[in-house]
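Engineer: fold the following and give me the result.
(chains A and B, ligands or ions: 4)
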Amino acid sequence: MLAGVKPSCFFMENKEMHTIKHQKARSLYPTFERKAPGAEVSHYCPGCGHGTVHNLIAEAIDDLGIQDRVVFCSPVGCSVFAYYYFDVGNIQCAHGRAPAVASAIRRTHDDAIVISYQGDGDLAGIGMSQIVHAANRGENITVFFINNAIYGMTGGQMAPTTILNQKTVTTPSGRHAANEGFPIGISEIINSLHAPVFVERVSLATAPKVMKARMAIRKALRNQVDKKGFSLVEILSPCPVNWKMTAVESRRWLEENLEPVFPVGNLRDLAKGPFDRVDRKKAGRVSDRKILEILGVDEKEVHTSSIHLKEEQNVKIAGFGGQGVLSTGILLANCAIAEGLQTTWLPSYGAEMRGGTANASVNISHEAIGSPIVSFPNVLMAMNLPSLDAFEDTVRPGGCILVNSSMVPRQVRRTDVAAYHIPATDMANNIGSPQIANVILLTVYALVSGAITLETLQKVIPLSIKRKNLVNINMKAIEAGIAWLEENRK
Amino acid sequence: MATEEKNYIEINPRRCKGCAACVVACPNDCIEVGSEINQMGYQFARFAVNKCIACGMCFYTCPEFGAITVYKKSRKGA
Ligand SMILES: Cc1ncc(C[n+]2csc(CCOP(=O)(O)OP(=O)(O)O)c2C)c(N)n1
Ligand code: SF4
Ligand code: SF4
Ligand code: SF4
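Structural biologist: Ligands and ions are numbered 1, 2, ... in the order given. As a prediction, the model looks like this:
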């Protein structure tokens, strides 16, 4: 480049001359795979406020560096599918119960950053009790309350926050106080309680107001990171479709009609000072021994595990719907509980109803289990050919595959796993019922893995089957499994 | 539209629903909803007038995810 000559920008790549100032948050997935079309767009109506709030929350999660700590509790309502978008821990909660779920996570997971995200039908209608009590306990959680003054998901019925004279499907001539009461100010109610540390109402009506919402959202999350206590941000948010307006009109309507009823601004910010609303050090902890005493249980009766797992068991049980793969998973998980181990069970129904494959994932561990999902099992029980075809390659080297060879006309191809080809359906038919084939497989698994004992299996089976006349035949299945392994173990 | 000496935004047509919230949000009237239609059947927005100050108002207002990216001219290049 010649000295003194200004470099000519026009020959250079655009991007080198520019820095990205604002882009999609990392805490949102790159695309949103789901059954409906449009993996690149949200499922929300054009101009809906939910997406704006999602973006603001995701940016705050990125900036606070808490993506791997967040547990996002989504509600029932249009935002029920928040887990399509947020690449964080997700739980979808029963209608209105997100604050109760969030409280439970708070009490059991010190490091979690717990978000309760709720609409007005969810929070102020069916879930009014949950939010008030969670706030009153001063749970160290963050609540984002999306107030769009209507039930969006169900097609525009009146919400507790619907304003007077507002027309909805259920108030066709407008809401009248004499019929439906007055709109409820949630921020004011929460602000009447002693424990909360931060309550702010914001609006998405204009861009500058969105920027204020952004600050409030960041603050409410930072409070939780700093262990300050309960924070709630109420966000006045447009629902253009059910307000029967364009996205642009809805923002104007929001500013002219909702904001006068629900004044925006901070109602409480106690997070600054050395304020201790709830002195958590004084919380009485009840010891495990005390709990046993209250329940009248003799300590000797408490089962501590005598099992020593060589490694955590990540089990995939797969077969036709109707082969009992899901209930086999429950049986295995119940046995693990009876052994005093940690366990999870997760069903995947697939196209079970039409005779397709169903599968169950079971984890068994000495430690608390983070996720119930089993993507790479070290144990596969394949009850039919499509299941073996689907999952054989996912098994980790050194793992084991148990095949119901009555239903699978081929051998396991993998050579780096232990394979057991057990004619379980034939054996079960000989005993008297094809239904017990999976108990035969489970017996062989119990023996080769040592993850559960046969005594436990024998004890748990009678508790888990409804028709007691089948207990006997199940016990015979266990004996058949033992005999098969003795003959074939060489 | 983007030239090297100015700030600009990119609107990903596949991620836009044409709601025009960004059009109203922009203090400099940089954005308009065009007449083209995307894969979802929406008339998407486009960056039309190059007076962008990289303020991010459009970005923060947009309800879609990753529809708008804001680029600021770097000091070196200016
Ligand atoms: C127990 C129960 N009752 C009722 C419903 C029906 N229902 C689904 S969403 C909804 C209200 C949603 O409104 P809101 O919380 O304001 O969220 P929005 O959809 O507006 O975001 C209702 C009543 C349900 N799913 N479960
Ligand atoms: S119905 Fe309303 S709240 Fe629900 S997605 Fe559409 S605009 Fe959003
Ligand atoms: S706000 Fe987003 S979705 Fe709406 S028109 Fe602008 S870019 Fe498209
Ligand atoms: S960054 Fe600001 S000036 Fe640039 S297009 Fe967006 S709103 Fe307009």
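
Engineer: flag every residue of chain A that's near ligand 1.
Structural biologist: Contacts of chain A with ligand 1, taken as CB under 6 Å from any ligand atom, map to A:76-79, A:95, A:119-122, A:126, A:146, A:148, A:150-154, A:159, A:239. Using the backbone N, CA and C atoms, a C-beta is placed for each residue, glycine as well.

Engineer: check these for burial and list the buried ones.
Structural biologist: If you count burial by 16 or more other CB atoms under 10 Å in any protein chain shown, the buried members of the residues of chain A next to ligand 1 come out as A:76-79, A:95, A:119-122, A:126, A:146, A:148, A:150-153, A:159, A:239.

Engineer: just those residues that are near ligand 3?
Structural biologist: For ligand 3, no contacts are drawn from these by CB under 6 Å from any ligand atom.

Engineer: did I read that right, A:Lys228 in a helix?
Structural biologist: No. Under DSSP: H, G, I helix; E, B strand; the rest coil, A:Lys228 falls outside any helix and is assigned coil.

Engineer: quick one: contacts for it?
Structural biologist: By CB atoms under 8 Å, 6 or more residues apart in numbering or on different chains, the contact list for A:Lys228 reads A:140, A:197-198, A:270-271.

Engineer: now that we have the residues you listed, which of them are buried?
Structural biologist: Neighbour counting over the contacts of A:Lys228 (16+ other CB under 10 Å) leaves A:140, A:197-198, A:270-271 as the buried ones.

Engineer: measure the residue most central in space within chain A to A:Gly65 for me?
Structural biologist: Chain A has A:Ile91 as the residue nearest its centroid, 2.3 Å off, counting by CA atoms, centre = their mean. Separation of A:Ile91 from A:Gly65 (CB to CB, to the nearest Å): 22 Å.

Engineer: contact partners of stretch A:478-487?
Structural biologist: The contact list for stretch A:478-487 (CB under 8 Å, 6+ apart) reads A:422, A:427-428, A:431, A:439-444, A:447-448, A:454, A:457-458, A:461.

Engineer: mind doing that once more with 7 Å?
Structural biologist: Stretch A:478-487 is contacted from outside by A:422, A:427, A:431, A:439-440, A:443-444, A:447, A:454, A:457-458, using CB atoms under 7 Å, 6 or more residues apart in numbering or on different chains.

Engineer: equivalent analysis for stretch A:41-50, please.
Structural biologist: The contact list for stretch A:41-50 (CB under 7 Å, 6+ apart) reads A:36, A:51, A:78-79, A:81, A:84-85, A:146, A:148, A:204, A:237-241, A:247, A:250, B:15, B:17-19, B:21, B:40, B:42, B:63-65.

Engineer: among the residues of chain A next to ligand 1, which ones are in strands?
Structural biologist: Counting by DSSP state E, these place A:119, A:146 in strands.

Engineer: so which of the residues of chain A next to ligand 1 belong to helices?
Structural biologist: The helices, defined by DSSP state H, take in A:Asp120 from the residues of chain A next to ligand 1.

Engineer: now do the contacts for the residue in the stretch 351-490 of chain A positioned nearest to ligand 4.
Structural biologist: When scored by CB to the nearest ligand atom, the stretch 351-490 of chain A has A:Ser371 as its residue closest to ligand 4, at 38.9 Å. By CB under 7 Å, 6+ apart, A:Ser371 lies in contact with nothing.

Engineer: separation between it and A:Lys476?
Structural biologist: For A:Ser371, the distance to A:Lys476 - CB to CB - is 37 Å.

Engineer: and what of A:Gly47?
Structural biologist: Distance, A:Gly47 to A:Lys476, using CB to CB: 65 Å.

Engineer: those two: which has the busier surroundings?
Structural biologist: A:Gly47 (27 against 19; other CB atoms under 10 Å in any protein chain shown).

Engineer: so that one, which of the three states?
Structural biologist: State at A:Gly47, reduced to three classes by three-state DSSP: coil.

Engineer: give me the domain ranges for chain A.
Structural biologist: Recorded structural domains for chain A (assignment: automatic domain parsing) are A:11-278, A:294-488.

Engineer: what about the nearest residue to A:Gly432 once chain neighbours are set aside, how many residues nearby?
Structural biologist: Leaving aside its sequence neighbours, A:Gly432 sits nearest to A:Ile473 (CB to CB, 6 or more residues apart in numbering or on different chains; 5.6 Å). Around A:Ile473 there are 16 other residues, counting by other CB under 10 Å.

Engineer: A helix includes A:Ile473, no?
Structural biologist: Yes. Secondary structure of A:Ile473 (three-state DSSP): part of a helix.

Engineer: from what I can see it touches A:Asn429, true?
Structural biologist: No. Look at A:Ile473 against A:Asn429 with CB atoms under 7 Å: they stay out of range, at 11.5 Å.

Engineer: who touches both of the two?
Structural biologist: Overlap of the contact sets of A:Ile473 and A:Asn429 (by CB under 7 Å, 6+ apart) is empty.

Engineer: related to what we said a few turns ago, in a markdown table: the domains of chain A, plus mean pLDDT.
Structural biologist: Output for the domains of chain A, formatted as a markdown table (pLDDT from 0 to 100):
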| stretch | mean pLDDT |
| --- | --- |
| domain A:11-278 | 95 |
| domain A:294-488 | 91 |
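
Engineer: sweet, I'm off.
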